[in-house]
Structures are given as C-alpha cells and as structure tokens.
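K.L.:
Curious how this folds, go ahead:
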Amino acid sequence: MTPIAITMGDPCGIGPEITLEACADPRRTVPVVVIGDVDVLARADRVAGTRLILRPIASVDQAAFAPGTVDVLTENRLPIDLPWGTLDARAGAASFQYVRRGIQLALAGEVRALVTSSINKEALRLSGVPYPGHTEMLADLSGTTDYAMMMATDELRVVLVTVHQSLRIAIDAITTARELDIIRLTHRTLQRSGLPAPRIAVAGLNPHAGENGLFGREDLDIITPAIQAAQSEGIQASGPWPADTVFMRARAGAFDAVVAQYHDQGLIPVKYLGIEHGVNITIGLPFVRTSVDHGTAFDIAGLGTADHASLLTALRHADRLSSGAPDRP
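P.N.:
Numbering: from 1, shown residues only. Coordinates of the predicted model:
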C-alpha cells in the first residue's frame, strides 16, 4: 500500500519525539515514511525511549516498512548539537524543507497523504520563509487557490473563513463571495468524507449574530446572502447562528460542521474539547493533509513528556480520508 508521509516538524520542538512515538504506537496500522533529520530523530529516540531503528532512504520506493524500523527521508542535515526548545533559523528552514518535500511527494502520488508535526512561525520568519504557517505554505506550493482550514475532533468540525490575520483585518476580509466559497468547499469536503447531505451551520460575526442589525449589519448584509446563495444550490446551510451557542448545538448533533468567521471564534471551542483529540485538516488541496492541533511546545521539548495523541489522531484521519473510507471526526 502507498505510505503516508509524516513531517517531523521543527527540530527544536516536540515534533521529533511525537513522530517517533506515533510510529512506535501499536495502534498505528498504516505504513509511513518520515521526512526529517536522522540525527535529530536519533536524539529524540533516546529522549522518548522508543528504541526504534532509523533507516535513511533516498526515495519512497526504498522504504521497507519493517517492524521496529522507521524509514527516514532526510533533507539537509542539521548540527547534532542543535538545542531543544529554542528559536533557531536553521530549524525554521529545515521544517519548511520537510513540508516542501512532502508536498512534492503527495503531488507525485508517491505518498497518499501528508501528516505534519508542528512548526514554529517565528522560526520560519527568522529563516526568511515567506509563509505565516502550514496552510498558506501548502496552498501556494500546490497551486491551490480554493482552500480552508478545518479543525476537527470526534465531536466537532469547524471550518474557518479567515485564518492567520489580525481581527481588524479579518473582519474586512469577510465578504459574501468568500463566505459562499467556504460553504461550498465545506459541503464538497463532507460529501467526500461520506456525508451525502451535510448540514452546515454558519456562525454569526457579531454578538447574537447581529440581533437583526442592532449589533452590526455584517451578518445581515454579508453572511446571510451567502447562506441564501448556498441554499439555492441545494446545500443544507443555515444561519447565521449566534456563535456562543452554535458550537454546542453542533457537538450535540444538530449540525455536521460549523463555518466560523475568524481564527479564535472557531478554534477555542475545538481546543477546549482537548488538544490531544484535535486534528487540523487543510481542505481543498489536491491531496490529503492533516496535522496536529498544537504547537512546538518548546518548554517541554527534549524532556520525553510530550503526548503524541494528536499526531496519532491526525494519522488516523489521513488514513481514512486517503483510503476513501467515511471519515467521522
């Protein structure tokens, strides 16, 4: 079977540790190749106590998928004394190289999905990488213009209209056209995930979804027309619903996904349910990509205490989505 690629993330963070822990976990049942640095992973293996054999390979077709062994596609080698838990331009550049290699493999069909460990946005900036995060990097390098971030747990799916922007700029970026594009993309994604008629709730921007214009007209003038246009296309979209209750209703089963207007509006309820259970899915790409729902955790990097549950969840979702089986986050 075609493997799934895992990028190990920022070499100074917890990514190398949790990558090996996920590979060693008996609940992992799919073949994987790791994109990273063999020396950093060897150090992480000692920290995490996974006792895996690291096998450098030059291409995916050299992978053996042997028990107790991790096949590693190594990019530019890093210094063996690169410290844990620090911002380093070399680490930022390396984490970008891992993702770029993963995109190339996914586009070529050499891997059937890409799972990414955490990267550090400031380390990326220090290295001169012109992207604020994974989502923008993946979209640009794959030539994708119609994409969005979906955060999911076993209880809740949330898709964001705006992502890594200040709140002031994000509000200006919410247009009827953008709103409709996200609703359509959410609808198509959920259909491919095994839901023939997904129910999509759209969260309002203002308190009480604007209270019929009393607390701002964005919900009436921008968001409502997009919902109505989606409905005319046969999409089961509804709202705008007050954001302080719509996520609870979705969690209870009233909706299959919620379209949230800005980063914190959508991510706070997902992460409150447990970071270890969450997964980041970039929808709209020409390949399946999932990721952990947490950062590099520099404060605990190298201590061997990091929890790999989110990475294992991301791997499970990537397997389901790329194998055509219904995905039920």
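K.L.:
All the strands of the stretch 201-329 of the chain, residue numbers only.
P.N.:
Along the stretch 201-329 of the chain, counting by DSSP state E, counting those that start in this stretch, strands occupy 236-241, 257-260, 279-283, 288-292.
K.L.:
I'd like these laid out as TSV, including distance to residue 230.
P.N.:
Where you see a C-beta, it was placed from the backbone N, CA and C, and this is true even at glycine. Shown next, in TSV, are the strands of the stretch 201-329 of the chain (distance: least, C-beta to C-beta, whole Å):
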stretch	distance to residue 230
strand 236-241	4
strand 257-260	10
strand 279-283	16
strand 288-292	24
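K.L.:
And residue 329, what's its pLDDT?
P.N.:
Residue 329 carries a pLDDT value of 42.
K.L.:
Over to residue 241?
P.N.:
pLDDT recorded at residue 241 is 98.
K.L.:
same thing with residue 177?
P.N.:
pLDDT, read off for residue 177, is 97.
K.L.:
ok, of the strands of the stretch 201-329 of the chain, where does mean pLDDT dip lowest?
P.N.:
Among the strands of the stretch 201-329 of the chain, strand 279-283 scores lowest, at a mean of 88.
K.L.:
care to break this protein down by domain?
P.N.:
1-145+288-329, 156-272 (automatic domain parsing).
K.L.:
mean pLDDT for the ones you listed: which is lowest?
P.N.:
domain 1-145+288-329 (a mean of 92).
K.L.:
Run the chain-centre distance for it.
P.N.:
In terms of C-alpha atoms, centre = their mean, to the nearest Å, the centre of domain 1-145+288-329 is set 12 Å apart from its chain centre.
K.L.:
swap in stretch 221-229?
P.N.:
For stretch 221-229, the distance to the chain centre is 27 Å (C-alpha atoms, centre = their mean).
K.L.:
Check which residues of that stretch are buried.
P.N.:
Counting neighbours by 16 or more other C-beta atoms under 10 Å, one finds that the buried residues in stretch 221-229 are 222-224, 226-227, 229.
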